[in-house]
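> how would this look folded up:
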Amino acid sequence: MTTTGVRVRGQDDGEIRLGAAELGAQPGPRASLVQFSSAFCQPCRATRRILAEVAAMVEGVAHIEVDAERHLGLVRALGIEKTPTVLVLDGAGRIVRRAAGMPRKADVIAALGAAV
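Numbers count the residues shown, from 1 in each chain. Below you'll find the predicted structure:
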């Protein structure tokens, strides 16, 4: 399935996979914390800091921030409705957890456990 020019791999068979082509950055080999943000989103700044700290704690985990306004096709394809929205991807690029709003650090660490 193609949505506004964005092809999300595996979407036809019910398994969405995201990689460097979709995210604009290289995912981590073990897991990725993908943050959808917008320019005037105050909670996005705190979320960026939390996710960067957690990614730095765990080897092989990347923090990738996606500007929701510049990637509307991907936002629509994934059903992102507010910022910040965080997706936790496993090493294969599959979404294993999803949360909207500013997360707590402990919750991010727990969610990352499902991906690694």
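
> who are the neighbours in contact with the residue most central in space within the chain?
The residue lying closest to the centre of the chain (CA atoms, centre = their mean) is Val34, at 2.1 Å. Contacts for Val34 (CB atoms under 8 Å, 6 or more residues apart in numbering) come out as 18, 23, 64-66, 86-89. Every C-beta, even on glycine, is put in place using the N, C-alpha and C of the backbone.

> looking at the residues you listed, spot the one nearest Ala114.
Nearest to Ala114 among these is Val88, at 6.9 Å by CB to CB.

> just the pLDDT for that closest one.
Val88 carries a pLDDT value of 96.

> and Ala114, by the same measure?
If you check Ala114, the pLDDT there is 83.

> how far away is it from Ala39?
Noted for Ala114: a distance of 30 Å to Ala39, by CB to CB, to the nearest Å.

> same thing with Ile16?
Ile16 is 26 Å from Ala39, where distance means CB to CB.

> which of those two has more neighbours?
When Ile16 and Ala39 are compared for neighbours, Ile16 comes out ahead with 17 against 10, by other CB atoms under 10 Å.

> thinking again about what came up before, out of the contacts of Val34, which are buried?
18, 23, 64-66, 86-89 (16 or more other CB atoms under 10 Å).
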